[in-house]
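[1] Fold the following, please.
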Amino acid sequence: MSQYLLPLHIIFVVTWFAGLFYIVRLFVYHTEAEKKAEPEKSILQAQYKIMERRLWYGITWPSAILTYVFGFSLIYHLYGMSIPAWLLIKLCFVFGLTLYQLQNQVIFSKLQKDKITWSSGQLRMWNELATIFLVSIVFIVTMQDKLSWIWGVIGILLFGFMMWGAIAIYKRAREKKEKK
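    As a prediction, this is how the structure comes out:
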């Protein structure tokens, strides 16, 4: 049975992350459409609402739920009640990813009601948090007990700072280009 659970778990992890990566990009575009003149603004925002709804409820939420279903089934079949330490750490990151998704639900709900509370720059930074979760979870799963957790945490933090630094550089270059 577990031979089927692992591929199904991986498939839904991939689709969950795809949904999380894309939804925040749609939030960025939705927010940036606010600066457009009418009727372009209304047309774009109406289209983004449709795209966001279809992605969020058709792919992202179902994938998150199925990731949990197949993941916990896999844990039960492989480990029973004796869960290894690396897996508990991974589950902490998955819990963090779930909190990230719940915050995206808040942003989604507000945008669906035409309430823009985050800037496109803030959303671009927010989008990178999913990448940090992805890298962290993949390293924990593939390295398991072989990884020194101190070096792993330092690596994750450095990766995060590099990501945010790259965003800051991109933002400056984009602002420079817009001024021309």
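[2] Spatially nearest residue to residue 130, not counting backbone neighbours?
    residue 20 (4.7 Å; Cβ to Cβ, 6 or more residues apart in numbering). Quick note: C-beta positions are derived from backbone N, CA and C, even for glycine.
[3] Now do the same for the one you found: helix, strand or coil?
    helix (DSSP: H, G, I helix; E, B strand; the rest coil).
[4] same check, this time on residue 81
    Relying on three-state DSSP, one would call residue 81 coil.
[5] With residue 38 instead?
    Classified using three-state DSSP, residue 38 is coil.
[6] Show me which residues of the helix or strand where residue 165 lies are buried.
    Using DSSP states H and E, residue 165 maps to helix 149-179. For helix 149-179, the neighbour count (16 or more other Cβ atoms under 10 Å) marks 152, 156, 159, 160, 163 as buried.
[7] cool, and stretch 15-31?
    15-17, 19-20, 22-24, 26-31.
[8] next one: stretch 99-115
    Under 16+ other Cβ under 10 Å, the buried positions of stretch 99-115 are 100, 101, 104, 107, 108, 111.
[9] Just the CA trace of it, in CSV.
    Output in CSV follows, covering the C-alpha atoms of stretch 99-115 (Å, rounded to 0.1, in the frame of the first residue of the first chain):
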residue,chain,number,x,y,z
LEU,A,99,-0.1,28.9,8.3
TYR,A,100,1.3,30.5,5.1
GLN,A,101,-1.6,29.1,3.1
LEU,A,102,-4.1,30.4,5.7
GLN,A,103,-2.6,33.9,5.5
ASN,A,104,-3.0,33.6,1.7
GLN,A,105,-6.6,32.7,2.3
VAL,A,106,-7.0,36.0,4.2
ILE,A,107,-5.3,37.9,1.3
PHE,A,108,-7.5,36.1,-1.2
SER,A,109,-10.7,36.8,0.6
LYS,A,110,-9.9,40.5,0.8
LEU,A,111,-8.9,40.8,-2.9
GLN,A,112,-12.2,39.0,-3.8
LYS,A,113,-14.0,41.9,-2.0
ASP,A,114,-11.8,44.5,-3.7
LYS,A,115,-9.9,45.3,-0.5
